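A.B. asks: return a 3D structure for these sequence lines:
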Amino acid sequence: MSRRHNSSLSIKGRHRVVVTGLGVICSLGDNKEVFWKNLLSGKDGYGRITLFDTSRFSRKIACEVKEFHPEVYLDKPVAGNTNRSIQFALIASKECIEDAGLQINDYYKHAAVVVGTNEGGMLSFENTLKHTSDKKSIRDLFHLQLFRIADIIFSYFSLQGPAITISTSCSSSLNAIGIGKDLITSGKVDVAIAGGSNTICQLNFSTFCAIRAMEKQECRPFDAERKGVILGEGAAFLVLEGLEHALKRKARIYAELVSYAIACDAYHLSIPHPEGRGAVSAMKKALEIAGLNIDEIDYINAHGTGTPPNDEMETKAIKRVFGRRSYDIPISSIKSMIGHCMGSAGAIGCLSTTLSVFHNVCPPTINYKNKDPVCNLDYIPNKSRSHTVRAALCNSFGGGGINTVCALKKWDQ
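C.D. replies: Next up, the predicted model:
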């Protein structure tokens with residue numbers, strides 16, 4: 001990249017986008033500081049499921065947000081009239097707005113909110129079916145609609161800009177971040193609050209049990225003995241901002257969001273294309289849009305579900321994109337610690353990747369014990385690693401082969 005390119009506020013007339021605020025809640029913590037500390041220490045969020053009865057299921061473990069009391073974080077009327085997925089979203093979006101130092105005044109009321117989720121309030125729906133005469137359950141049923149998460153964030157902060165909900169399976173929230181970037185790049189808004197929220201529900205849990213894609217005790221991405229996922233839940237939101245406006249208000253800039261790309265396999269409902277056709281296309285396009293070459297990528301936050309076909313596909317795809325360089329790039333799957341958070345997985349991964357770029361530290365892939373002859377790249381086994389990260393990719397691949405990749409770059413004024 002030329003010096004002129006790095007210092008300009010736009011690229012070919014399109015506004016550059018930076019990350020100025022971060023907020024997260026998941027099984028590893030209820031704010032970004034605790035989350036990041038636990039992530040780097042290799043702590044896992046596993047525990048026995050308490051959200052519903054698992055007696056009829058072969059698996060009992062998930063990465064829940066433990067001992068969650070929404071009234072600790074939200075006003076009692078809000079906490080008492082919203083479901084778990086909305087509560088997670090409000091907590092994470094509130095943190096990212098405060099972290100960015102935004103005052104929601106008349107100007108910032110026109111910020112966009114873009115939310116990714118693939119289940120919304122499904123847990124509430126399931127509870128409603130059990131207690132149809134319960135008024136609170138019926139109120140929860142109203143909040144089942146996917147758009148309600150974005151709607152309530154808008155209402156909570158008295159916003160008036162665009163409100164968009166994305167549902168593309170497990171890549172939902174990374175697509176939401178990409179759409180937020182596009183709204184700023186095109187000049188439609190100057191600020192976007194983008195991310196996703198998801199809760200664990202019986203529907204997904206039973207599905208993963210039925211197709212035997214779930215581990216019993218721990219998730220082991222890229223390990224030769226891996227057998228499946230551990231489900232997780234939570235929310236993550238990022239404040240995205242046009243570079244010019246971030247500089248004007250002297251905002252702290254975590255990283256520049258330089259690109260995102262989407263490609264679909266259209267291969268199978270749940271199994272990815274064996275050679276990673278869509279994943280290869282998405283990674284190549286993300287690099288092309290960002291103007292980055294393969295030698296400039298210093299870290300990849302992998303999709304890394306822990307299922308045999310997904311991890312093999314992702315490894316092959318990385319090798320096809322990066323060639324010999326793929327063996328020198330540190331790669332990790334944070335799903336080994338937080339589980340697969342489904343619709344919010346991409347946003348949590350993007351937040352983690354942003355912190356890696358900002359702090360020059362890469363989280364580990366825990367539970368990695370046995371080398372796989374096919375998955376034979378550098379997966380940062382078991383211990384985090386200090387490493388200069390000039391630019392990084394974040395991968396999020398959804399069911400049906402909806403593959404999304406974003407590229408983040410270190411901000412150097």
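A.B. asks: from now on I want contacts and neighbour counts done on CA atoms only, so please keep to that.
C.D. replies: Noted.
A.B. asks: I'd like the next helix or strand past the strand or helix carrying K284.
C.D. replies: K284 is located in helix 277-290, with elements delineated by DSSP states H and E. Heading C-terminal from helix 277-290, the first helix or strand you meet, by DSSP H and E, is strand 299-301.
A.B. asks: mind listing the strands that following strand pairs with, and their directions?
C.D. replies: Strands that pair with strand 299-301, judged by DSSP bridges, come out as strand 331-332 (parallel), strand 391-398 (parallel).
A.B. asks: contacts for the longest one?
C.D. replies: Residues external to strand 391-398 that are found in contact with it (CA atoms under 8 Å, 6 or more residues apart in numbering): 168-172, 174, 279, 283, 296-303, 345-346, 349-350, 353, 357, 403-410.
A.B. asks: repeat that with 7 Å
C.D. replies: 168-171, 174, 296-303, 346, 349-350, 353, 357, 403-410 (CA atoms under 7 Å, 6 or more residues apart in numbering).
A.B. asks: show me which of the residues you listed are buried.
C.D. replies: 168-171, 174, 297-303, 346, 349-350, 353, 357, 403-410 (16 or more other CA atoms under 10 Å).
A.B. asks: and the helix holding K284, how far from the chain's centre?
C.D. replies: Counting by CA atoms, centre = their mean, to the nearest Å, helix 277-290 is centred 18 Å from the centre of its parent chain.
A.B. asks: between that helix and strand 391-398, how big is the angle?
C.D. replies: Relative orientation of helix 277-290 versus strand 391-398 (axes from the mean of the first three to the mean of the last three CA atoms, to 10 degrees): 150 degrees.
A.B. asks: got the buried residues for helix 277-290?
C.D. replies: Buried residues in helix 277-290 (16+ other CA under 10 Å): 277-287, 290.
A.B. asks: would G180 count as being in a helix?
C.D. replies: Yes - per DSSP: H, G, I helix; E, B strand; the rest coil, G180 lies within a helix segment.
A.B. asks: show me the contacts for it.
C.D. replies: Here G180 is in contact with 114, 192, 194 (criterion: CA under 7 Å, 6+ apart).
A.B. asks: one more time with 10 Å
C.D. replies: 17, 111-115, 162, 164, 174, 189-195, 238-241 (CA atoms under 10 Å, 6 or more residues apart in numbering).
A.B. asks: in terms of pLDDT, where does it sit?
C.D. replies: On the pLDDT scale, G180 is placed at 98.
A.B. asks: then D75?
C.D. replies: 94.
A.B. asks: swap in the one 4 residues further on?
C.D. replies: Looking at A79, its pLDDT stands at 91.
A.B. asks: which ones among the contacts of G180 lie within helices?
C.D. replies: L174 (DSSP state H).
A.B. asks: avg pLDDT for stretch 345-355?
C.D. replies: 98.
A.B. asks: and it, C-alpha only, in CSV?
C.D. replies: The C-alpha coordinates for stretch 345-355 follow below in CSV (Å, rounded to 0.1, in the frame of the first residue of the first chain):
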residue,chain,number,x,y,z
ALA,A,345,-20.5,-16.3,16.0
GLY,A,346,-19.3,-14.0,13.2
ALA,A,347,-19.6,-10.8,15.3
ILE,A,348,-17.8,-12.3,18.3
GLY,A,349,-15.1,-13.6,16.0
CYS,A,350,-14.8,-10.2,14.3
LEU,A,351,-14.6,-8.5,17.7
SER,A,352,-11.8,-10.9,18.8
THR,A,353,-10.0,-10.3,15.5
THR,A,354,-10.2,-6.6,16.0
LEU,A,355,-8.6,-6.9,19.4
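A.B. asks: tell me the gap between that stretch and the middle of its chain.
C.D. replies: 5 Å.
A.B. asks: can you pull the buried residues of stretch 103-115?
C.D. replies: Quick answer for stretch 103-115 (16+ other CA under 10 Å): 108-115.
A.B. asks: of these, which is the nearest to A317?
C.D. replies: Nearest to A317, judged by CA to CA, of the buried residues of stretch 103-115 is V115 at 27.7 Å.
A.B. asks: does the closest one really touch F237, like I thought?
C.D. replies: Yes - V115 is within contact range of F237, at 8.5 Å (criterion: CA atoms under 10 Å).
A.B. asks: overlap in contacts, those two.
C.D. replies: Common neighbours of V115 and F237 (CA under 10 Å, 6+ apart) are 89, 173, 176-177, 193-197, 344, 347.
A.B. asks: what's the ChimeraX line that selects buried ones from those?
C.D. replies: Selection of buried members from the shared contacts of V115 and F237 for ChimeraX, criterion 16+ other CA under 10 Å:
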select :89,173,176,177,193,194,195,196,197,344,347
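A.B. asks: which one of the shared contacts of V115 and F237 is nearest to S259?
C.D. replies: I177 (10.3 Å).
A.B. asks: list the contacts of L287.
C.D. replies: When contacts are counted by CA under 10 Å, 6+ apart, L287 is found next to 258-261, 293-294, 296-297, 321, 392-393, 405-407.
A.B. asks: okay, and A62 sits in which element?
C.D. replies: With DSSP H and E as the test, A62 turns up in strand 61-62.
A.B. asks: packing partners for that strand?
C.D. replies: strand 47-48 (3 or more CA pairs under 10 Å, 6 or more residues apart in numbering; DSSP states H and E).
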